[in-house]
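S.K.: here are the coordinates; sequence isn't available:
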């Protein structure tokens, strides 16, 4: 049975071109068995019609706070109590600003202030509006208050700009809603926390067609992101090139090189994050100078010398500048695993390090299972071999317990 069967979802639609996508979201939700009611802002009426939304949801559409018929029974309060989840898709910059300030000057903002149910935002706006410090401050404030969010996505926008601000696709929002109800029984003890997690390999260009990389699949980092989201954390997942679907609810930043990954980490942690987990397998070296043309094979040359230089040490840099309250590293080793991991913990100033033996063919890179040793300054824990998804749940719980014990 779907996690959405008989769930009551209030869908708020604010003004923006992405409003048309909400019709597909309603269709997906109702097909999964959810009961959906729609509330429109005045701005949204310029993009979608009440008749269309009523047809796909099966309910009259509400848009007026002081509707004499509905308000005879305090309708806006009843609607706020009715919802198991309020979803705002799209959520405009204006709506986020009013919601962050606690304003209740239309039906949708009033419902969000009056409800005790979770609220999920799917922001949608021009890339400059999303990047504006005021919008970022409003988003951060809402997250601190426990408001959930998905996106925005990065890409081409209706105005012709390219960048972050696109509303997440209806299928992704649907998955986030489904995941919310799947894990709603789990204690949301990470609510209000911001976790930044790196995952996958990096790719360091040799020339336009060749690169230096490794065998990391990204499965462990993605599983950690999913486990943290399940417990209520806001997660920024900074990922090298992988072939797996991103976890619903995470803010995804795709990168290739170590330099790009470090820049993305620093940009995502302009304010101190609660937890940073460096699960990515970052290439230790890169070309001193990558060729801007394909290097041609010389028929009379048996050997080619590549001049490599060290890549930036991402986790050591973040630890030095205290970009996160708790910093967790990974040590993928083929020998002297515990000894090397402890050395890395001390040398880089980490709080926790997770060591695994990647010489084993049954765990680690490209495998669905893993076995690790978790090391702190004063303790060592060896969980049983398990599926990466199950192990991630245990590791997130361990990290949260470590945070609590340090308070």
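M.R.: Nice, thanks for sending it over. The model shown is predicted, which means the values in this text are computed figures rather than measured ones. Residues are numbered from 1 along each chain as shown.

S.K.: for stretch 266-286, which positions count as buried?
M.R.: 268-269, 273-283, 286 (16 or more other C-beta atoms under 10 Å). Backbone N, C-alpha and C define where each C-beta goes, glycine included.

S.K.: contacts only, for residue 286.
M.R.: 204-205, 212, 257-259, 308-309, 311 (C-beta atoms under 8 Å, 6 or more residues apart in numbering).

S.K.: mind checking which of those are buried?
M.R.: Using 16+ other C-beta under 10 Å, the buried ones in those are 204-205, 212, 257-258, 311.

S.K.: do you know the pLDDT at the closest residue to residue 206 other than its chain neighbours?
M.R.: Leaving out its chain neighbours, the residue that sits closest to residue 206 by C-beta to C-beta, 6 or more residues apart in numbering is residue 287, at 5.7 Å. You'll see residue 287 listed with a pLDDT of 93.

S.K.: rewinding a little: looking at the buried ones among the contacts of residue 286, which are in helices?
M.R.: Among the buried ones among the contacts of residue 286, DSSP state H puts residue 258 in helices.

S.K.: any chance of a markdown table for the buried ones among the contacts of residue 286, columns pLDDT and distance to residue 219?
M.R.: Formatted as a markdown table, the buried ones among the contacts of residue 286 follow (pLDDT from 0 to 100; distance: C-beta to C-beta, whole Å):
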| residue | pLDDT | distance to residue 219 |
| --- | --- | --- |
| 204 | 95 | 21 |
| 205 | 94 | 25 |
| 212 | 93 | 21 |
| 257 | 96 | 21 |
| 258 | 96 | 20 |
| 311 | 94 | 22 |
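
S.K.: so residue 232 sits against residue 188, correct?
M.R.: Yes: counting by C-beta atoms under 8 Å, residue 232 does reach residue 188; the two are 3.4 Å apart.

S.K.: out of those two, which sits in the busier spot?
M.R.: Neighbour count, other C-beta atoms under 10 Å: between residue 232 and residue 188, residue 232 has more, with 20 against 15.

S.K.: now for that one: which residues touch it?
M.R.: 146, 188-193.

S.K.: one more pass at 6 Å, please.
M.R.: Applying C-beta atoms under 6 Å, 6 or more residues apart in numbering, we find residue 232 in contact with 188, 190-191.

S.K.: can you map out the strands along the stretch 151-300 of the chain?
M.R.: Ranges of strands in the stretch 151-300 of the chain, per DSSP state E, counting those that start in this stretch, are 153-156, 162-166, 194-199, 204-207, 210-212, 234-239, 251-254, 273-278, 285-287.

S.K.: now the stretch 1-150 of the chain
M.R.: Under DSSP E, counting those that start in this stretch, the stretch 1-150 of the chain gives strands at 8-13, 35-40, 85-91, 119-123, 148-149.

S.K.: which stretches of the stretch 51-200 of the chain have low pLDDT?
M.R.: 66-76, 183-186 (pLDDT under 70).

S.K.: quick one: the helices in it?
M.R.: 68-71, 75-82, 93-100, 107-114, 127-131, 133-144, 170-182 (DSSP state H, counting those that start in this stretch).

S.K.: for those, give me JSON lines that also has distance to residue 150 and mean neighbour count.
M.R.: JSON lines is the format used below for these (distance: least, C-beta to C-beta, whole Å; neighbours: other C-beta atoms under 10 Å):
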{"stretch": "helix 68-71", "distance to residue 150": "29", "mean neighbour count": "12"}
{"stretch": "helix 75-82", "distance to residue 150": "22", "mean neighbour count": "17"}
{"stretch": "helix 93-100", "distance to residue 150": "14", "mean neighbour count": "21"}
{"stretch": "helix 107-114", "distance to residue 150": "16", "mean neighbour count": "21"}
{"stretch": "helix 127-131", "distance to residue 150": "14", "mean neighbour count": "16"}
{"stretch": "helix 133-144", "distance to residue 150": "12", "mean neighbour count": "16"}
{"stretch": "helix 170-182", "distance to residue 150": "5", "mean neighbour count": "21"}
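
S.K.: to residue 253, which of those helices lies closest?
M.R.: Distance to residue 253, taken as C-beta to C-beta, is lowest for helix 127-131 among these, at 13.6 Å.

S.K.: by contact count, what packs against the closest one?
M.R.: Packed against helix 127-131, as judged by 3 or more C-beta pairs under 6 Å, 6 or more residues apart in numbering; DSSP states H and E, are the following elements: strand 162-166.

S.K.: in the strand it packs on, what counts as buried?
M.R.: In strand 162-166, counting by 16+ other C-beta under 10 Å, buried: 164-166.

S.K.: same question for stretch 115-128.
M.R.: Under 16+ other C-beta under 10 Å, the buried positions of stretch 115-128 are 115, 117-127.

S.K.: kindly reformat the buried ones among the contacts of residue 286 as CSV and extend each row with distance to residue 236.
M.R.: Below are the buried ones among the contacts of residue 286 laid out as CSV (distance: C-beta to C-beta, whole Å):
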residue, distance to residue 236
204, 23
205, 25
212, 26
257, 18
258, 17
311, 21
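
S.K.: pull the most distant pair out of the buried ones among the contacts of residue 286.
M.R.: 205 and 311 (12.3 Å).
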